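> below are the sequence and a predicted model for it; my questions follow.
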Amino acid sequence: MTCCDPTPSQPHDLTHAVDPAAKRLINCRAVDVNQLCPIRYHWAWEHYLNGCANHWMPTEVSMQKDIDQWRSDAFNEDERRVVLRNLGFFSTGESLVGNNIVLAIFRHVTNPECRQYLLRQAFEEAIHTHTFQYVCESLSLDQREVFNMYHEVDSIAGKDDFVMSLTADVMDPTFTTDGDENIRTFLKNLIGFYVIMEGIFFYSGFVMILSFHRRNRLTGIGEQFQYILRDESIHMNFGIDLINGIKAENPGVWTPEFQQEISELIDQAVQYEVRYAQDCLPNGVLGLNAELFDDYVKHIADRRLEKIGLPRRYETQNPFPWISETIDLQKEKNFFETRVTEYQSGGALDW
């Protein structure tokens with residue numbers, strides 16, 4: 001018996017117990033309890049179940065090899081810069097995503113199964129922030145320096161400020177999603193966090209750190225980034241499903257003018273990410289340089305545009321074919337079948 005099957009004490013078909021219109025993604029009746037049954041959006045429930053099955057904790061990953069390498073002379077100044085800049089961006093980026101879920105998205109998404117997933121995602125964002133604290137503590141880094149980079153490093157501050165600017169209106173306590181214009185404002189928030197922050201900004205960092213991991217360097221950090229990548233892939237896919245679902249239920253909002261505005265917004269994000277890559281890699285390391293990331297970021301952005309029904313802008317190729325088995329969303333099924341994800345809970349991890 002599934003959660004949506006009627007029990008003997010409920011002989012009637014539960015699909016008639018709740019008005020389907022009351023389970024719209026946004027702007028349904030006032031939310032009192034998270035009444036999951038009957039589930040209307042099975043994609044949201046599937047994302048929730050996948051998130052639960054993929055549970056992990058950073059402290060289950062050994063950092064001893066990373067500690068030994070970091071304390072040695074195995075890393076030059078440019079390589080250390082890459083690591084520190086990535087930790088600096090992710091430590092605040094993940095926190096911003098978590099805050100946006102709790103303070104903005106959850107309040108306006110009124111569908112129960114989507115809210116169930118958002119609760120799971122918020123917890124995962126906390127795990128990711130915990131990860132960067134755990135890494136900083138393990139490597140004896142100056143945690144204040146790392147977690148404060150969003151104030152002191154222009155390329156990080158620019159990305160964070162750009163995404164936060166898409167949240168200001170939605171954070172207003174008086175904001176509602178009534179009317180097409182307000183729905184468009186909400187969609188810009190969702191696109192800013194799910195498509196831009198998690199779908200573009202995070203992916204350059206994944207490549208940089210995993211380039212160390214593939215050379216058997218910083219394997220503990222690399223393993224944790226693989227777990228984060230797996231989580232972020234589900235986050236992004238949920239967000240894209242949510243965006244496309246809201247578009248389908250409110251077709252009047254997706255005007256040609258709004259589509260052009262979103263395409264230009266993503267282009268602005270690409271420029272921020274290219275500047276960040278230039279900051280992380282002023283001299284290039286490990287076969288990586290800012291020019292390659294220019295192509296890579298545009299390649300990723302084209303794929304995100306297509307996912308929300310917009311035309312490609314850049315037509316660049318992926319310059320990092322070695323990463324495709326791990327990071328390429330077209331290879332996502334293969335990634336889920338690799339050793340790093342062969343578990344159902346933290347207690348089943350086999351190192």
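Received, thanks. Note that the coordinates shown come from a computational prediction; the quantities given were computed from them, not determined experimentally.
> starting at the chain centroid, how far to stretch 112-132?
Mean-position distance between stretch 112-132 and its chain equals 10 Å (CA atoms, centre = their mean, to the nearest Å).
> let's verify the residue positioned nearest the centre of the chain: helix, strand, or coil?
For the chain, Glu198 is the residue whose C-alpha lies nearest the centre (CA atoms, centre = their mean; 3.2 Å). Following DSSP: H, G, I helix; E, B strand; the rest coil, we place Glu198 in the helix state.
> contact partners for the closest residue to Glu125 other than its chain neighbours?
Distances taken as CB to CB, 6 or more residues apart in numbering put Gly98 closest to Glu125, at 3.4 Å, once the chain neighbours are dropped. All C-beta spots, glycine's among them, are computed from the backbone N, C-alpha and C. Shown in contact with Gly98 (CB atoms under 8 Å, 6 or more residues apart in numbering): 122, 125-126, 129.
> which of these has the most neighbours?
Glu125 (23 neighbours; other CB atoms under 10 Å).
> what helix or strand is it on?
Using DSSP states H and E, Glu125 falls within helix 112-138.
> hang on, isn't Met57 packed against Ile127?
Yes. Using CB atoms under 8 Å, Met57 is in contact with Ile127, at 6.6 Å.
> between those two, who's got more neighbours?
More neighbours surround Ile127 than the other of Met57 and Ile127, with 19 against 16 (other CB under 10 Å).
> what's the distance between the more buried one and Glu77?
Separation of Ile127 from Glu77 (CB to CB, to the nearest Å) stands at 31 Å.
> list the contacts for Ala290?
Going by CB under 8 Å, 6+ apart, Ala290 touches 274, 277-278, 280-282, 284.
> separate out the buried members of those residues.
274, 277, 280-281 (16 or more other CB atoms under 10 Å).
> give me the subset of these lying in helices.
274, 277, 280 (DSSP state H).
> relative to Cys136, which of the residues you listed is nearest.
Cys280 (17.5 Å; CB to CB).
> tally of neighbours for the residue lying closest to the closest one once chain neighbours are set aside?
Nearest non-adjacent residue to Cys280, counting by CB to CB, 6+ apart: Arg85, 4.5 Å away. Here the number of neighbours of Arg85 (other CB under 10 Å) works out to 22.
> just checking, Arg85 touches Glu152?
No. Under the criterion of CB under 8 Å, Arg85 is not in contact with Glu152, lying 11.4 Å apart.
> okay, buried residues for stretch 229-245 please.
For stretch 229-245, burial by neighbour count (16+ other CB under 10 Å) applies to 229-243, 245.
> tabulate the CA atom coordinates of that stretch in PDB.
Output in PDB follows, covering the C-alpha atoms of stretch 229-245 (Å, rounded to 0.1, in the frame of the first residue of the first chain):
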ATOM      1  CA  LEU A 229      27.700  17.800  -7.200                       C
ATOM      2  CA  ARG A 230      25.300  14.900  -7.000                       C
ATOM      3  CA  ASP A 231      23.000  16.900  -4.600                       C
ATOM      4  CA  GLU A 232      23.300  20.000  -6.800                       C
ATOM      5  CA  SER A 233      22.300  18.100  -9.900                       C
ATOM      6  CA  ILE A 234      19.000  17.100  -8.200                       C
ATOM      7  CA  HIS A 235      18.500  20.600  -6.900                       C
ATOM      8  CA  MET A 236      18.900  22.100 -10.300                       C
ATOM      9  CA  ASN A 237      16.600  19.500 -12.000                       C
ATOM     10  CA  PHE A 238      13.900  20.100  -9.300                       C
ATOM     11  CA  GLY A 239      14.300  23.900  -9.900                       C
ATOM     12  CA  ILE A 240      14.000  23.500 -13.700                       C
ATOM     13  CA  ASP A 241      10.900  21.300 -13.300                       C
ATOM     14  CA  LEU A 242       9.400  23.900 -10.900                       C
ATOM     15  CA  ILE A 243      10.200  26.800 -13.300                       C
ATOM     16  CA  ASN A 244       8.700  24.900 -16.300                       C
ATOM     17  CA  GLY A 245       5.700  23.900 -14.300                       C
END
